[in-house]
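Participant: next come a sequence and a model predicted from it.
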Amino acid sequence: MKTPFRIVSTSLGLMALLAGSAYSAAKPAPAAGGHQVRQYTIAQFLANTAYGGSSFSPDNKKILVGSNQTGVFNVFAFPLDGGKPVQLTDSKVSAIQGLGYFPKDERFLYTSDQGGNEKNHIYVQSPDGKSRDLTPGDNLKADFIDWSQDGKSFFYASNERDPGLFDIYEMTLEGYERKLLYTNEGGYLPGAVSPDRRYVTLFKTQTSTDSDIYLHDRTTNKTTLLTPDEATNTEVSNAPQDFSPDSKSLYYTTDKGSEFSYLVRYDLATGKRDEVLRTKWDVAGAGFSRDGRWFTILVNNDGKTELRIFQAAGMKPVELPTMPGADVTGVGFSQDGSLMSFYAEAAGPRDLYVRDIKTGKVRQITHALNAAIDAKDLVAPEVVRFKSYDGVEVPGILYKPLQASPASKVPALVWVHGGPGGQSRIGYSGFIQFLVNHGYAVYAINNRGSSGYGKTFFSMDDRKHGDADLGDCIASKQMLTGTGWVDGNRIGIVGGSYGGYMVLAALAFRPQEFAVGVDLFGVSNWLRTLESIPAWWGPTRDSLYKELGDPTADADYLRKISPLFHADKIERPLIVLQGENDPRVLKAESDEIVAAVKKKGIPVEYMLFPNEGHGFARRETQEKAYQATLEFLDKHLKGSQG
């Protein structure tokens, strides 16, 4: 299960896809293997381009892609024959994400909020460049669900009727007339609509490890619980995935009787359940191509996506292209099922590829890495495990500077992902690569409470936040020192969102363990953060209350684990970076912790960015944020050796 707090992972959303700012280049540094490592400027890393999303045009000649090459994410059309991409939108402030070409013409849908406030609307843009807000309103949030199978409409969810509830609508592609398909009175999160429009899947979270699937029959107007677990009296995490193209079956994932989620097919007529796929890792997702020919399953294999594709008829495996060491994500298909798109990333930034399924030929569509950067100077991520303070094995992803050696020890940073319950994964982070390129080892820890390693591990930090999970971060220092090439006296901690909370918790509760802290929009006061959860989080808010604490019933406990109330214990340098419009971790969270640390006289730097939300989407922001971070680390961590 994913909650809104769990979106931020190793990449810290859009903001860490790139590093950025003008900074003078250093001289090449010698690598342990003899290769002279060139230290690149932040501006050079900024020249990398981030890409996201993909949608084939109806004639299979173009593909719709999001790109930040203008400094803000906009939508581009990339010709599949290798021609120059065409910019289709021109936002200067708010990031735009393409949702897809229309099934039969080159109109397309896109989504955008306003300066990071997360109140997304759905827009349509015509080939002449004119756009229209299809979900107007000042205080609503609208989320695209899917296109209809007949290609005449699309489905979306909106909370316009009630801020805390999402209803499901269908909108025609001709005339943009909408119809209410389902009125949500039960506090559910809406899922998919069956191809015949009869059924709607609904999702409800009870706790972080207990969630249920409901099925609403629009013909009988009855809602049925599909995953009752009362008989076993255990917590089971269930999640709907997709309907079969003939609307006869529903595929869903469950961890019933298992540490990891597996895939099940449910027969809508008989109620029979058949296990489709079980592995030693979580089945993270599954779905059919629009034409129903292909069935894709995603497995979260030790922090990397394992892709499996089958011919839907007979479930015959499809041979996939080999991408050694890469994380393959974002799989999509053309409307006729002849082409497959996917992203691949490892040490370098992710790029989009297209594969002709019949011939097996693969074409690289984007080239994200700045031509001025030698790929040999980037560091491949490596999964490294260690035994924590109580013997629990904790995984993480280690980035070793090429110039590091026992004779030339480097400072290190423990990188804590967002959540609670996120996961650091194999893949590219411009921010991490920039820090590593400038001589900082980074260990992206998957401390207890992280997803992807079984539900027992996932629950180990419940009601122990800032304690049990923080202990893992501290224990990782011994592993880093034990490499022989990390200076154990120069280890800092960095993180965003929940990871930012962990930074503040480390400095407040274990004040002498880390040399410095880098807090990106982290929680300092759980009482305020939990009370200010946006209405549209609905039942997810109740799940967080159960995992973290209820701000009313557990006020004393939440005060105990909130760094703001223990800021007088902080004694190590701190830098805080915050988006002014952040709806999840409010600006006050950073304002007050900075004021408290300043009052004590500890070195603290604070950067507040307008028109940014929970994560930094604009290059202008990234330039300032990561320039300041690097200079802070060079002064207080790298320079602390004397």
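Facilitator: Ah, there it is.

Participant: so what pairs up with Asp217 in the strands?
Facilitator: Tyr199, Lys222 (DSSP bridges).

Participant: can you map out the strands along the stretch 301-450 of the chain?
Facilitator: With strands called from DSSP state E, counting those that start in this stretch, the stretch 301-450 of the chain shows them at 304-311, 316-317, 327-333, 339-345, 351-356, 362-364, 382-387, 393-399, 410-416, 441-445.

Participant: helix or strand with the lowest mean pLDDT in this protein?
Facilitator: strand 29-30 (a mean of 58; mean pLDDT, DSSP states H and E).

Participant: out of the strands of the stretch 301-450 of the chain, nearest to Gly271?
Facilitator: strand 304-311 (24.2 Å; CB to CB). From N, CA and C alone the C-beta is placed, and that goes for glycine too.

Participant: neighbours of Ala375, how many?
Facilitator: 8 (other CB atoms under 10 Å).

Participant: please disregard the earlier target; I meant Ala380.
Facilitator: Around Ala380 there are 11 residues (other CB under 10 Å).

Participant: need the contact list for the nearest residue to it once chain neighbours are set aside.
Facilitator: Nearest non-adjacent residue to Ala380, counting by CB to CB, 6 or more residues apart in numbering: Ala347, 4.4 Å away. Ala347 makes contacts with Gly325, Ala375, Leu378, Val379, Ala380, Pro381, Tyr428, Gln433, as judged by CB atoms under 8 Å, 6 or more residues apart in numbering.

Participant: any idea which element the residue lying closest to Asp196 once chain neighbours are set aside lies in?
Facilitator: The shortest distance from Asp196 to any non-neighbouring residue, by CB to CB, 6+ apart, is to Ser247 (4.2 Å). Using DSSP states H and E, Ser247 is not contained in any helix or strand.

Participant: can I assume Ser247 is in contact with Leu268?
Facilitator: Yes - Ser247 lies in contact with Leu268 (CB atoms under 8 Å); the separation is 7.4 Å.

Participant: any shared contact partners between the two?
Facilitator: Joint contacts of Ser247 and Leu268 (CB under 8 Å, 6+ apart) are Tyr199.

Participant: on that earlier part again, tell me the contacts of the residue nearest to Asp196?
Facilitator: Ser194, Pro195, Asp196, Arg198, Tyr199, Leu268.

Participant: swap in 6 Å and give it another go.
Facilitator: Ser194, Pro195, Asp196 (CB atoms under 6 Å, 6 or more residues apart in numbering).

Participant: what's the answer for Leu88, then?
Facilitator: By CB under 6 Å, 6+ apart, the contact set of Leu88 is Val75, Ala77.

Participant: pLDDT wise, what is it at?
Facilitator: pLDDT for Leu88: 98.

Participant: would you mind giving the domain segments of the chain?
Facilitator: If you go by automatic domain parsing, the domain ranges for the chain are 4-44+372-603+619-641, 50-276, 279-368.

Participant: deepest-packed of those domains, please.
Facilitator: Ranked by mean neighbour count under mean count of other CB atoms under 10 Å, the domains of the chain are led by domain 4-44+372-603+619-641, which reaches a mean of 21.

Participant: figure out how far it is from the centre of its chain.
Facilitator: 15 Å (CA atoms, centre = their mean, to the nearest Å).

Participant: likewise for stretch 287-306?
Facilitator: On CA atoms, centre = their mean, the centre of stretch 287-306 falls 17 Å from the chain's centre.

Participant: got the CA positions of it in PDB?
Facilitator: In PDB, the C-alpha atoms belonging to stretch 287-306 read as follows (Å, rounded to 0.1, in the frame of the first residue of the first chain):
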ATOM      1  CA  GLY A 287      -2.400  -4.500 -15.800                       C
ATOM      2  CA  PHE A 288      -3.500  -5.100 -19.400                       C
ATOM      3  CA  SER A 289      -2.600  -3.100 -22.500                       C
ATOM      4  CA  ARG A 290      -5.500  -1.100 -24.000                       C
ATOM      5  CA  ASP A 291      -6.100  -3.700 -26.800                       C
ATOM      6  CA  GLY A 292      -6.000  -6.500 -24.300                       C
ATOM      7  CA  ARG A 293      -3.200  -8.400 -25.900                       C
ATOM      8  CA  TRP A 294      -0.500  -7.900 -23.300                       C
ATOM      9  CA  PHE A 295      -0.500  -8.400 -19.500                       C
ATOM     10  CA  THR A 296       2.300  -6.700 -17.600                       C
ATOM     11  CA  ILE A 297       3.400  -7.600 -14.000                       C
ATOM     12  CA  LEU A 298       5.900  -5.600 -12.000                       C
ATOM     13  CA  VAL A 299       7.800  -7.200  -9.200                       C
ATOM     14  CA  ASN A 300       9.700  -5.100  -6.600                       C
ATOM     15  CA  ASN A 301      12.900  -7.200  -6.500                       C
ATOM     16  CA  ASP A 302      15.300  -5.900  -3.800                       C
ATOM     17  CA  GLY A 303      14.800  -2.200  -4.700                       C
ATOM     18  CA  LYS A 304      14.700  -2.700  -8.500                       C
ATOM     19  CA  THR A 305      11.700  -3.300 -10.800                       C
ATOM     20  CA  GLU A 306      11.500  -6.800 -12.300                       C
END
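
Participant: with that, I have no additional questions.
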